[in-house]
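[1] give me the fold of what follows.
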Amino acid sequence: MSGTRVTAGRTTAAAEGDVVVLLIGMRVNHFWAVHQWVPVFFAMLRMVRELEKEPRRGLLGRVLLTASPRTYYVVQYWESKEKLYAYASAPDMFHHKAWAIINRKERAGGLRQHVGIWHETYVVPEGSYESIYADMPPFGLAAAHGSLPVEKRGRRAADRFAHRSPRAAAGAAAKETESQVGGGAR
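    Residues are numbered from 1 along each chain as shown. Got it, this is the predicted structure:
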């Protein structure tokens, strides 16, 4: 995802419309319980590889991060929440099998307190995100959606927040017209 070729100057993510972000990870609660947390870690990596082999599933990009020696997570960027849900519930994908294993181990008391797992999902509406990268290879949102020179969206964060894609601008104009027409009829 984040190649080594640096883009000179300042860029911003070329994302248009809503952005779907999934943070998913694990926490090693007991280092000595290697047999409990190592399979979870490798399952995370296997799911990412599976998704990268099938782009139609909707994963646009990802970044593997660590918050501490105990906590590892993946920031994922998705085409839509519908594609994320479809992957999560697809019986032919590894995620389904991994959850069956986790549920079985939890029922047997095998995972209790040895390894923590978590996720957070955000659907970020257009106008509620902005980005800037200086002398960076494509990273994060820009690696998922592409990048463009920062001047295309504005040198200031406020300008980038104010950017609207043509589709969103057309939708906003239609709503404005509708409210003006509807407001006069009351």
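
[2] so where does the closest residue to Gly116 other than its chain neighbours fall, helix or strand?
    Spatial nearest neighbour of Gly116, excluding adjacent residues (Cβ to Cβ, 6 or more residues apart in numbering): Arg27 at 3.9 Å. In short, each C-beta sits where N, CA and C put it, glycine included. Per DSSP states H and E, Arg27 falls inside strand 19-28.

[3] just the helices in the chain please.
    Taking DSSP state H as the test, the helices found in the chain are 34-53, 81-89, 94-107, 140-145, 157-162, 166-184.

[4] so what does the first one touch, helix or strand wise?
    Taking 3 or more Cβ pairs under 8 Å, 6 or more residues apart in numbering; DSSP states H and E as the contact definition, the neighbouring helices and strands of helix 34-53 are strand 19-28, strand 59-66, strand 71-78, helix 94-107, strand 115-124.

[5] now mean pLDDT too, for those, in TSV please.
    Putting the helices and strands packed on helix 34-53 into TSV (pLDDT from 0 to 100) gives the following:
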stretch	mean pLDDT
strand 19-28	96
strand 59-66	95
strand 71-78	96
helix 94-107	86
strand 115-124	94
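
[6] which ones are touching Val6?
    By Cβ atoms under 8 Å, 6 or more residues apart in numbering, the contact set of Val6 is Asp135, Met136, Pro137.

[7] torsion angles phi and psi at it?
    phi -80, psi 140 (degrees, to the nearest 10).

[8] which stretches of this structure have low pLDDT?
    1-3, 110-111, 169-175, 182-186 (pLDDT under 70).

[9] got the contact list for stretch 144-151?
    Residues contacting stretch 144-151 (Cβ under 8 Å, 6+ apart): 1, 7, 9-16, 19, 60-62, 77, 132-133, 138, 160.

[10] show me what contacts Met44?
    Contacts of Met44 (Cβ under 8 Å, 6+ apart): Ile24, Gly25, Met26, Tyr72, Val74.

[11] am I right that the first one is in contact with Trp118?
    Just to be clear, that refers to Ile24. Yes. Between Ile24 and Trp118 there is a contact under Cβ atoms under 8 Å: 7.3 Å.

[12] mean neighbour count and distance to Val38 added to the helices and strands packed on helix 34-53, as JSON lines?
    Below are those laid out as JSON lines (neighbours: other Cβ atoms under 10 Å; distance: least, Cβ to Cβ, whole Å):
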{"stretch": "strand 19-28", "mean neighbour count": "19", "distance to Val38": "9"}
{"stretch": "strand 59-66", "mean neighbour count": "17", "distance to Val38": "15"}
{"stretch": "strand 71-78", "mean neighbour count": "20", "distance to Val38": "11"}
{"stretch": "helix 94-107", "mean neighbour count": "14", "distance to Val38": "13"}
{"stretch": "strand 115-124", "mean neighbour count": "14", "distance to Val38": "9"}
